[in-house]
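**Q** I need the structure of the sequence given here:
(one chain, ligands or ions: 1)
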Amino acid sequence: MSASERRRAELADGLARVEERIARACEAAGRARDSVTLVVVTKTYPADDVRTLADLGVRDVAENRDQEASAKAAACADLPLTWHFVGQLQTNKVRSVVSYADCVHSVDRAKLVSALSSAVTSAGRAPLNCLLQVALERESGLGGGRGGVAPDGVGELAAAVAAAPGLRLAGLMTVAPLAGAYAGSPDAAFERLAEIARDLRADHPAANMVSAGMSADLEAAVAAGATHVRVGSAVLGVRPALG
Ligand SMILES: *Cc1c(COP(=O)(O)O)cnc(C)c1O
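**A** Below you'll find the predicted structure:
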């Protein structure tokens, strides 16, 4: 087998394992398999892997750094992929991100909302799907070191997105906290996110995406009702430190 054939076999194997986990979790939760979308997080891995994943049937990919993402999206522009941006986003990267992303999962402050809105409007592109990133650890009085709005700020930020030209309020995203009341309890964290998502839908019925769950905790996310799981290492392999 050539190196590229070996890599393809590895990716196919990783995908099959993750598929199996998602299918089991859906079954355990009494949910239809097609109620959960697998978003493969390709950060730190080359565009060749994205191409192979697309050939293996993946349609949703995510990245967390603009510089890396924009190069990969350009190299894969011929593929039928939906690009998700899941990293902390600085306003000076917004123009680049809206040139390739269909969905930003990490909207966490008003300033970013206005920057995204003007970038989408001036690019004349289709509306950008926006998820508010919720920092559940901020409920324990901790700073959201990895970004995210405090749960009690969701309503106000959601209203800002809903009112912003070019943006579509799509739902909520979280990363299971490493500190605070939810540390080590992804089940409780994702249940709390689901509760915040239900409150959000009372005011914004179309905001029905819930992005939660990664390689280590996707089952807990599916059990709590996540519509999108973001899985990297379980498909592509463990990343070298950083990233
Ligand atoms: C890297 C990353 C993931 C995927 O993490 P894995 O543990 O590799 O599955 C999911 N969400 C975000 C925001 C990430 O940065």
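**Q** I'd like the next helix or strand past the helix ranked longest in the chain.
**A** Taking DSSP state H as the criterion, the chain has its longest helix at helix 3-29. Scanning forward in sequence from helix 3-29 by DSSP states H and E, the next helix or strand is strand 37-41.
**Q** Name every strand pairing with that following strand and say which way it goes.
**A** Counting by DSSP bridges, the strands paired with strand 37-41 are strand 60-63 (parallel), strand 228-231 (parallel).
**Q** Which strands or helices does the longest helix of the chain pack on?
**A** Applying 3 or more CB pairs under 8 Å, 6 or more residues apart in numbering; DSSP states H and E, one finds that helix 3-29 contacts strand 37-41, helix 47-55, helix 218-223, helix 233-236. In short, each C-beta sits where N, CA and C put it, glycine included.
**Q** want to throw these into JSON lines with mean pLDDT, mean neighbour count and distance to residue 76?
**A** Listed next are the helices and strands packed on helix 3-29 as JSON lines, based on pLDDT from 0 to 100; neighbours: other CB atoms under 10 Å; distance: least, CB to CB, whole Å:
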{"stretch": "strand 37-41", "mean pLDDT": "98", "mean neighbour count": "23", "distance to residue 76": "12"}
{"stretch": "helix 47-55", "mean pLDDT": "98", "mean neighbour count": "18", "distance to residue 76": "5"}
{"stretch": "helix 218-223", "mean pLDDT": "98", "mean neighbour count": "23", "distance to residue 76": "24"}
{"stretch": "helix 233-236", "mean pLDDT": "98", "mean neighbour count": "21", "distance to residue 76": "15"}
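**Q** quick one: which of these is nearest residue 189?
**A** With CB to CB, the closest approach to residue 189 among those belongs to helix 218-223: 7.9 Å.
**Q** what about that closest one, distance to the chain center?
**A** Distance of helix 218-223 from its chain centroid, counting by CA atoms, centre = their mean, to the nearest Å, is 14 Å.
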